[in-house]
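Engineer: Quick one, what's the 3D model for this:
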Amino acid sequence: MLRFTGKNVAVNSIIQPRQLHLVLSGQRLASGRLQLSHYARVGRKVLARSASTSTSSSDDKSSHASNLPPSAVPPRKHRVELKPGPLKTPSPSSTTPRPHSSSPKQTQPSFPAFRPSPISSTPESVPSAIELAKQDIADAAAKGVLRPVPHDAGTIKRFTHQAFELLKFYFRGLKAINTHRNQAAAIRSRIATGGAALSRAESRFIRTFHQDALKLIPFVIVVVVMEELIPFIALYVPRMLPSTCVLPGQRDRINAKARDNQQLVLAGNWQLFDVLRKESESSGFIPTLSLKNPGALCGVIGVPAWGPLQLVQWRLHRHLQNIASDDKLLKQEAYGRDLTLPELKEALQERGMSMFSERNSADELRAQLKWWIDMTGIMPEGADDISRRLFVLSVIGSHK
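Structural biologist: A predicted model of the protein is given here:
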């Protein structure tokens, strides 16, 4: 009796840690209480394991390990690699439309919005004035404006040949101004006698002649004193040259520089134009005398902005008055239907709409010109040709 009691005590001392291990690992037994026979059977297994050799002990351990219950920890899931899905393009309905100004003309042909070109971190190399003069002479010789230099000419002969050809070119230009004077007088005489009405081409011809006549005296002085300064004048003071004395390369560079200056003014003063547009949006026009900074508007249309305030306002008023007369002639000629692509670009640039690119077609530029004529043709109460065009310029300058 005492022997069985001792065995039970030994079995209990061994089983209690085993039961604690089963409870902690989450394993539940089949019944609420363990039977005594089960205790005795487990005790005999333990006594037999302790009496066995090291080899049999390792075998029992492996067999016992195979009989252990599975761990309560759930198996680890396989790692799923997350890859970015395809980007969804926004639908046209979800995009926010660009706000438009509530101008009196609701249906307006759109023109390309101005985007300032990115400024590169590395400055581009600018050719010197001498190199530009050589390029202009070579370009004029290639286009037949100047007689090319003989192939066997040396340095001295090349220099004298080019100087003599430039002198002849400027002399022919001065003679052309006198010819234009006679032609302009004939046009005025025809209109005065009741002949055909003045066309836009004739109007621009007479205006160009007046500008060239004002430049004639200082230009003749430069040609007589030192004609080598003319390429430098074309670079730095292009407005001093008459239109008949400008080489093709010089004319292209003058137009490109004027367009770049206009775009710089648009990029740097759009907030000022936006304020002007908002202040005058209800009335639809801007009085000339109310302008506090007319220089920005002069820069947009390519008019010099230096000098006193009264002089700047006078230049602005004169340019817009000429544009108003030109708009009436364009409207009579079917909104410039017969204008070529260079003429359309020139007309838009004079109106401050220099946002076109080389990819724009003639029809697109003509639509922009029609937008200007239609917008400036609407006259609110109290507005005139100048004040209405100042408002349209503020709309263009604010990129609206």
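Engineer: how much space between residue 263 and residue 399?
Structural biologist: 12 Å (Cβ to Cβ, to the nearest Å). No exception for glycine: its C-beta is placed from N, CA and C like everyone else's.
Engineer: next one: residue 220
Structural biologist: Residue 220 sits 44 Å away from residue 399, taking Cβ to Cβ as the criterion.
Engineer: Helices of this protein, start to end?
Structural biologist: Assigned by DSSP state H, the chain shows helices spanning 2-24, 36-51, 54-66, 129-142, 155-192, 200-225, 230-236, 248-268, 270-280, 294-301, 309-332, 341-350, 362-377, 385-397.
Engineer: a markdown table please, covering those and showing distance to residue 356 and mean pLDDT.
Structural biologist: Formatted as a markdown table, the helices of the chain follow (distance: least, Cβ to Cβ, whole Å; pLDDT from 0 to 100):
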| stretch | distance to residue 356 | mean pLDDT |
| --- | --- | --- |
| helix 2-24 | 83 | 43 |
| helix 36-51 | 97 | 50 |
| helix 54-66 | 85 | 42 |
| helix 129-142 | 24 | 83 |
| helix 155-192 | 29 | 91 |
| helix 200-225 | 20 | 89 |
| helix 230-236 | 24 | 74 |
| helix 248-268 | 9 | 87 |
| helix 270-280 | 18 | 88 |
| helix 294-301 | 15 | 88 |
| helix 309-332 | 17 | 93 |
| helix 341-350 | 6 | 92 |
| helix 362-377 | 6 | 92 |
| helix 385-397 | 12 | 92 |
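Engineer: what's stretch 330-337 in contact with?
Structural biologist: Residues outside stretch 330-337 that contact it (Cβ atoms under 8 Å, 6 or more residues apart in numbering): 199, 200, 343, 344, 347, 366, 369, 370, 373, 377.
Engineer: mind putting the residues you listed in a markdown table, distance to residue 180 included?
Structural biologist: Listed next are the contacts of stretch 330-337 as a markdown table, based on distance: Cβ to Cβ, whole Å:
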| residue | distance to residue 180 |
| --- | --- |
| 199 | 16 |
| 200 | 17 |
| 343 | 18 |
| 344 | 24 |
| 347 | 21 |
| 366 | 28 |
| 369 | 26 |
| 370 | 31 |
| 373 | 28 |
| 377 | 32 |
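Engineer: Looking at the residues you listed, which is nearest residue 165?
Structural biologist: residue 343 (29.1 Å; Cβ to Cβ).
Engineer: What distance do you get for that closest one to residue 330?
Structural biologist: From residue 343 over to residue 330 (counting by Cβ to Cβ), the distance is 11 Å.
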